[in-house]
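[1] below are the sequence and a predicted model; questions follow.
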Amino acid sequence: MAVLVLVSPPARAWLESSMTAQMLVQLPLLAAVGAWMASALPASAGEWFARRDRWGINGLLLASMTSLVWMLPRALDAAVDDAWIAGAKFATIPLLIGMPLALSWRRASLVLRGVFLAETIATCFRLGWLYQVSPQRLCSNYLLNDQQRLGYWLLVIGAALFVLLMGKLLAGRFDPGPDAQMQGGER
């Protein structure tokens, strides 16, 4: 149902009216739909996926590679101009980014999560810098000032994620394990 709302002409017109809205609102919403779909999977499907993604590596790698495609300016342009590419966007982001992230994150080790988050931060900084300093429009459907605005927000998001990650590292573990949940004399 959520995908149908996001695919509706009014929602698409608003979310694809700017490069910033498409990349920072529409794409994350589609990924969130995929994460929600993962929580609604029957237990047998979750077990099937778990057997093929034992340590979370496959799912996180699939989500990373798919998200890299949809961060390219050419892909953003094509999704606005071509109905087939738009259909691919609305199918692949929930199924190949949101769902694998949701299913793989808990199985991934602390080190793998850290590498994934560090690469996410680096990608925000790389693309943010590229969109900020490029003297030419990288997307033919969007103006240069929108591209630069997206670059600014990607830099802000990258910095916020970096501060959050450093805060988590300085404060302790990402998620409390059984040892961290035990207190005082319960050990």
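    Okay, I see it.
[2] separation between the nearest residue to Phe116 once chain neighbours are set aside and Trp14?
    Of all residues not flanking Phe116 in the chain, Leu60 sits nearest, at 5.3 Å (Cβ to Cβ, 6 or more residues apart in numbering). Yep, even glycine has a C-beta here, placed from its N, CA and C like the rest. Relative to Trp14, Leu60 is positioned 31 Å away (Cβ to Cβ, to the nearest Å).
[3] which residue of those two possesses the greater neighbour count?
    A direct count of neighbours by other Cβ atoms under 10 Å for Leu60 and Trp14 places Leu60 higher, at 23 against 13.
[4] next one, pLDDT for the more buried one please.
    Predicted confidence (pLDDT) for Leu60: 92.
[5] again, but for Arg12
    pLDDT recorded at Arg12 is 80.
[6] likewise for Gly46?
    Value listed for Gly46 in the pLDDT field: 76.
[7] residue numbering should commence at 471 henceforth.
    Understood, numbering begins at 471; the last thing we discussed is Gly516.
[8] what about it, which SS state?
    Each residue gets one of three states, and Gly516 gets helix by DSSP: H, G, I helix; E, B strand; the rest coil.
[9] distance of it from Val503?
    In this structure, Gly516 and Val503 are separated by 17 Å, where distance is defined by Cβ to Cβ.
[10] of the two, which one has the most company?
    Taking Gly516 and Val503 together and counting by other Cβ under 10 Å, Val503 has the greater number of neighbours (21 against 13).
[11] correct me, but that one touches Pro564?
    Yes - the pair Val503 / Pro564 is scored as a contact, 4.7 Å apart, by Cβ atoms under 8 Å.
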